[in-house]
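Q: Just need the structure, nothing else, for what follows:
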Amino acid sequence: MTRLILVRHGQTDWNNINRLQGKIDVPLNAKGLKQAQDMAAQLGGEKINAIFSSKLLRSFATAEKIAKPHKLKVKKVKELNELDQGLWQGLLLSDVKKRYKKQYNLWKSDPTLVQPPKGEDIKEVFGSVSNFMKKVIDKFTNKTVCIVSHEIITGLIKCYIKGLSPKDMWEHTLKLTSWEVIESGKR
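A: Reported below is the predicted structural model:
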């Protein structure tokens, strides 16, 4: 078994106003840095053997705070970057819901049937995330690994671990600045 600590990054100014970030590299705000420090304190007593992060600033800064008391170097991994949400990135969620109503509603009900315009396909991203997770689980058997990422990617990781379809992703995402422990055998 591999013990996984899944973490969703701290707050950014864009999270605060419901602006979609996707792969746009928005840093943590002051509150997000404090939240990351608080998560580091919460996870300080855990025995963490490795920590992986998205390459995006908001996740990497969160991961660095968590890694520091464990004296670990954060490994940046592109497979943990948030899904490219194409033309939706940079827009307020309320604007996306108005301008792309039908497409957005379908995206929220079954993201495998549609993708954000000019964005990534969820099934392809799920394949990349699954391949990365297989490697982590194989390499870190009987160890604890912390993975710091984003809403959609944490949902996809949980779907992979639970043997679910990526269409179930929305039911398994982590809330902003939260963490969860999941144990996984080889898949």
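Q: neighbouring contacts of the helix or strand containing residue 133?
A: Assigned by DSSP states H and E, residue 133 belongs to helix 122-139. With contact meaning C-beta atoms under 8 Å, 6 or more residues apart in numbering, helix 122-139 is reached by 2, 4, 52, 77, 79-80, 83, 111-112, 115, 145, 147, 152-153, 156-157, 159-161, 166, 169, 184-187. Glycine gets a C-beta too; all of them are placed from N, C-alpha and C.
Q: out of those, which are inside helices?
A: Per DSSP state H, helices hold the following members of the contacts of helix 122-139: 152, 153, 156, 157, 159, 160, 161.
Q: got the residues you listed as a markdown table, with distance to residue 124 columns?
A: Listed next are these as a markdown table, based on distance: C-beta to C-beta, whole Å:
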| residue | distance to residue 124 |
| --- | --- |
| 152 | 13 |
| 153 | 13 |
| 156 | 11 |
| 157 | 15 |
| 159 | 14 |
| 160 | 14 |
| 161 | 19 |
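Q: from these, which is closest to residue 173?
A: Distance to residue 173, by C-beta to C-beta, is smallest for residue 152 among the ones in helices among the contacts of helix 122-139, at 6.8 Å.
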